[in-house]
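Student: Mind folding the following:
(one chain, ligands or ions: 1)
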Amino acid sequence: MLVSSECDWFRHQRERKTVAKDTRPYFTLTNEYPRHRKIRALSDKAFRLHVELIADCNDARSDGKFTKSELNMRGPKAGKELIEAGLVTALEDGTYELHDYLAHQHSKAQIEAFQANKAEAGQRGAHVRHHVKKGVVDPGCELCQTG
Ligand SMILES: [Zn+2]
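Tutor: Prediction:
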C-alpha cells in the first residue's frame, strides 16, 4: 500500500494540470526583473508604480504610453523616481512612455491579432459542432456559406 505524504501544495500543483488554463490577459516580467540594476534601486512605492503601469498599459493596449495623472497615481515622487531611473521617458506631447516596453510586452496589434484568431477559432468550432456534424446549413452562418 502506498502511503502518500504529499503536501497540499504538491497535490495542488499536480491537480492544476487538469484545470482549465487561466485566460485572463497578462503581462511579462522576467525572473531577473526584481534584481535588475535599475529596478533593485527603486523605493517600494516606485517599484509598485512601475508594475502597475506595465499592467495598465497592457490593459489599455497603449504600447507603453500613458498620461501624467497615471504617472503620478502613487504621488509625484514615485513618478519622478521612475523618470530619473530611466524607466520612464517624458514625450514631447506631454504623455509618458515605459522604457523598452515593446521588447517585453505585447503590442496593441499583437493583442488584437491574438483575439481575432481566438474569435475565429471559436466561430469555426461552433460551425463544425452545430452545422457540419448535424448536416445543418444556417443562412446566418458565414462559414456555412463559404464552406
Ligand atoms: Zn455554419
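Student: mind listing the helices for this structure?
Tutor: For the chain, the helices defined by DSSP state H cover 8-16, 37-40, 44-60, 68-71, 76-84, 101-104, 108-127, 142-146.
Student: Need these in CSV (columns: mean pLDDT and distance to Arg24).
Tutor: C-betas here are computed from N, CA, C, even on glycine. Listed next are those as CSV, based on pLDDT from 0 to 100; distance: least, C-beta to C-beta, whole Å:
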stretch, mean pLDDT, distance to Arg24
helix 8-16, 66, 16
helix 37-40, 96, 24
helix 44-60, 97, 11
helix 68-71, 98, 21
helix 76-84, 98, 26
helix 101-104, 95, 18
helix 108-127, 92, 13
helix 142-146, 89, 28
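Student: will you turn those into TSV that also has distance to Lys134 and mean neighbour count?
Tutor: What follows is the helices of the chain, written out as TSV (distance: least, C-beta to C-beta, whole Å; neighbours: other C-beta atoms under 10 Å):
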stretch	distance to Lys134	mean neighbour count
helix 8-16	35	10
helix 37-40	55	12
helix 44-60	39	17
helix 68-71	50	15
helix 76-84	57	16
helix 101-104	45	14
helix 108-127	11	12
helix 142-146	11	11
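Student: Dump the ones you listed into CSV; add distance to Thr30 as well.
Tutor: Output for the helices of the chain, formatted as CSV (distance: least, C-beta to C-beta, whole Å):
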stretch, distance to Thr30
helix 8-16, 22
helix 37-40, 10
helix 44-60, 12
helix 68-71, 23
helix 76-84, 18
helix 101-104, 7
helix 108-127, 18
helix 142-146, 41
